[in-house]
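In: requesting a structural model of the entry that follows:
(2 chains)
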Amino acid sequence: MVDEDHSPNPTDPERATDLQELLESHHAAAYGWALNCSASDPGDAADVLQNTYQKILQGRARYGGTSSFRTWLFAVIRNTAAEERRRRWIRGLRLSSYAQKRESEPEESHGGENSEQAERASALQQALAQLPRRQREVLHLVFYQDLTIEAAAEVMRVSLGSARTHYTRGKLRLASLLKSIQ
Amino acid sequence: MKHVEKQFRDYFDAIRSADTASAPLFHCLVLTPLRRKERAALWIFPGQWIAIGAGAAAIVVAAFFFPGSQHANQASLATNDPLSAICNWTPPSDALLASGTEFWGSSSLTDQLIENESASYESSPSSL
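Out: The predicted model follows:
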């Protein structure tokens, strides 16, 4: 499983640079996952990602090598997003619902793209908004991030069987939702 | 099912390309200091701390000017104190003494006798 505290602190500057390069190579995918974990709020996603990078570069989260770096990075992002959510919940500043944000976003982010792709993105966002969190996460990890279900289970910290169940149910539900939206 | 999966991938590709285009630069996140949204979030509404301070001051003032509850506590302590209960105790036979005059009929007659006796004593104390 993924662990945050396995290897020594990256105090070595050379290692820190390597770590930065490694993080940078996964940056786009990490941002996509951070968006998914932050109810698609770009500001929150950036904050989560920044906190994650700080954790890793300061050695507060360490890669143990037991899984792929990407899987481990996604698990750290997920944990950081959960911490942020808890903090906000405690302060009574709950995020507005996933659906509201996802519905308002396409006009800003897909404005310059062709209409077919924008429509697809919008339909998918609407459908995903109606899925439970776990189903949404596993579908994102498999179809967006191209991870295997095993890796998705590691990121989500659930058993493989549980991840498979979420995946199957999520797929069926998403298919019917996309059909109804179209 | 393969067709469905292919369809899903197409849909997710649409989102991925949009997310990639809007992603903040890596170096911006790593090099800039942490954005402290939390600090701003502490300010739930403008003047929050003023309202909290005013509330605390009002409680202190209320405690000074309305110490009723403190007295009530002391009174309840006094009634529960066994020492004060002993001091305030009156024997039940006192009731018999208090009602003694009633056995002598009119109290005015008794009073008159006592007055006469005391007057005679004052006039000639040596006669006793």
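
In: A:F69 is in contact with A:Y63, isn't it?
Out: Yes: contact criterion CB atoms under 8 Å: A:F69 and A:Y63 qualify, at 6.1 Å. Every C-beta, even on glycine, is put in place using the N, C-alpha and C of the backbone.

In: how about the helices in the chain?
Out: By default, I'm working from chain A. Secondary structure of chain A (DSSP state H): helices located at A:13-25, A:27-37, A:42-57, A:69-90, A:98-104, A:106-109, A:115-129, A:133-139, A:149-156, A:160-181.

In: hm, I was asking about chain B
Out: Listed in chain order, the helices of chain B (DSSP H) span B:2-22, B:26-31, B:37-41, B:48-65, B:68-80, B:82-87, B:94-98, B:107-123.

In: give me whichever of these is most buried.
Out: Mean neighbours per residue, mean count of other CB atoms under 10 Å in any protein chain shown, is largest over the helices of chain B for helix B:2-22, with a mean of 16.

In: which other residues reach that one?
Out: A:28, A:31-32, A:35, A:42, A:109-110, A:113, A:117-118, A:120-121, A:123-125, A:139-140, A:143-144, A:171, A:174-175, A:178 (CB atoms under 8 Å, 6 or more residues apart in numbering or on different chains).

In: which residue ends up closest to the midpoint of chain A in space?
Out: Central residue of chain A (CA atoms, centre = their mean): A:W33, 2.4 Å from the mean position.

In: how many residues are close by A:S180?
Out: Neighbours of A:S180 under the rule other CB atoms under 10 Å in any protein chain shown: 10.

In: over to A:S40?
Out: Residues contacting A:S40 under the criterion other CB under 10 Å number 24.

In: next one: A:F143
Out: A:F143 is flanked by 24 other residues according to other CB under 10 Å.

In: A:N79 now?
Out: Residues contacting A:N79 under the criterion other CB under 10 Å number 18.

In: let me know whether A:S159 touches A:A153 as I believe.
Out: Yes: contact status for A:S159 versus A:A153: in contact at 6.5 Å, counting by CB under 8 Å.

In: who has more neighbours out of these two?
Out: Neighbours of A:S159 and A:A153, each counted by other CB under 10 Å, are more numerous for A:A153; the result is 23 against 10.

In: where does pLDDT dip in chain A?
Out: The model of chain A has pLDDT under 70 over residues A:1-14, A:91-113.

In: count of neighbours near the spatially closest residue to A:R169 that is not a sequence neighbour?
Out: With CB to CB, 6 or more residues apart in numbering or on different chains as the criterion, A:R169 has its nearest non-adjacent residue at 6.0 Å, and that residue is A:Q135. Around A:Q135 there are 21 other residues, counting by other CB under 10 Å.

In: the one 10 residues further on too?
Out: Residues lying near A:Q145 (other CB under 10 Å) number 21.

In: so who does it touch?
Out: Contacts of A:Q145 were listed using CB under 8 Å, 6+ apart, and they are A:29, A:32-33, A:70, A:74.

In: farthest pair in these?
Out: A:G32 and A:R70 (11.8 Å; CB to CB).

In: the two: who's more crowded?
Out: Remark: of A:G32 and A:R70, A:G32 carries more neighbours, 22 against 19, as counted by other CB under 10 Å.

In: ok, the more buried one - contacts?
Out: The neighbours of A:G32, taking CB under 8 Å, 6+ apart as the test, are A:140, A:144-145, B:15-16, B:19-20, B:23.

In: who's in contact with the residue nearest to A:R169?
Out: Neighbouring residues of A:Q135 by CB under 8 Å, 6+ apart: A:166-167, A:169-170, A:173-174.

In: what do you get if the cut-off is 7 Å, keeping everything else the same?
Out: By CB atoms under 7 Å, 6 or more residues apart in numbering or on different chains, the contact set of A:Q135 is A:166, A:169-170, A:173.

In: any idea how far it lies from chain B?
Out: 12 Å (CB to the nearest CB, to the nearest Å).

In: and what of A:A28?
Out: Applying CB to the nearest CB, the value for A:A28 to chain B is 5 Å.
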